[in-house]
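Visitor: No letters, just coordinates:
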C-alpha cells in the first residue's frame with residue numbers, strides 16, 4: 001500500500017509541481033484504506049516522510065484556492081503536519097503544500 005501511495009503522490013507532484021498535503025490522506029483513502037483503520041495515520045505519516053526524503057529541496061508552505069502556488073508562503077517546518085485536514089469550501093482557508101522554492105511567488109514588500 002505504501003509503495004502505491006508514493007507512486008500516486010509522485011504523479012500528483014509531477015503534474016502540479018506541488019503537492020497539497022491533503023492529497024496524502026485523500027489518496028490513501030482512494031486506494032481503499034479506511035480512515036478509521038488504526039494504521040491510516042501512521043501510513044500517511046510514513047508516506048509523507050519518505051516523499052520529503054525523496055524531495056529535500058521542497059519547502060513547506062501555505063496557500064489558498066484557487067491557485068495554491070501563486071498564494072503560497074513558506075511556513076516553519078516544526079510541529080505536526082496535518083495530513084488529514086477537515087475539508088472546507090472556504091477558499092480563504094490556508095492549505096499546506098510542498099513546493100519548490102523557485103516556484104514561490106516573491107514575498108510581499110513593505111507597505112508605506
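Guide: Noted; the coordinates are in hand. Everything numeric here is computed off the predicted structure, so don't read it as measured data. Numbering: from 1, shown residues only.
Visitor: helix/strand/coil for the closest residue in space to residue 21 that isn't next to it in sequence?
Guide: Nearest residue to residue 21, sequence neighbours excluded (Cβ to Cβ, 6 or more residues apart in numbering): residue 96, at 4.3 Å. Yep, even glycine has a C-beta here, placed from its N, CA and C like the rest. For residue 96, the assignment made with DSSP: H, G, I helix; E, B strand; the rest coil gives strand.
Visitor: I'd like to know how far residue 108 sits from residue 73.
Guide: With the distance defined as Cβ to Cβ, to the nearest Å, residue 108 ends up 9 Å from residue 73.
Visitor: Could you do residue 37 as well?
Guide: Taking Cβ to Cβ, one finds residue 37 at 34 Å from residue 73.
Visitor: Next: residue 27.
Guide: Using Cβ to Cβ, one gets 25 Å for the distance from residue 27 to residue 73.
Visitor: And residue 103, by the same measure?
Guide: Relative to residue 73, and taking Cβ to Cβ, residue 103 is found at 12 Å.
Visitor: Check residue 34 too.
Guide: For residue 34 relative to residue 73 (Cβ to Cβ), the value is 34 Å.
Visitor: okay, now the residue nearest to residue 47 when sequence neighbours are not counted: neighbour count?
Guide: Leaving aside its chain neighbours, residue 47 sits nearest to residue 5 (4.8 Å; criterion: Cβ to Cβ, 6+ apart). The tally of other residues near residue 5 (other Cβ atoms under 10 Å) stands at 24.
Visitor: SS state for residue 5?
Guide: Going by three-state DSSP: residue 5 is helix.
Visitor: Now do the closest residue to residue 99 other than its chain neighbours, the pLDDT please.
Guide: Counting by Cβ to Cβ, 6+ apart, the nearest residue to residue 99 once its immediate chain neighbours are dropped is residue 18, at 4.3 Å. pLDDT for residue 18: 96.
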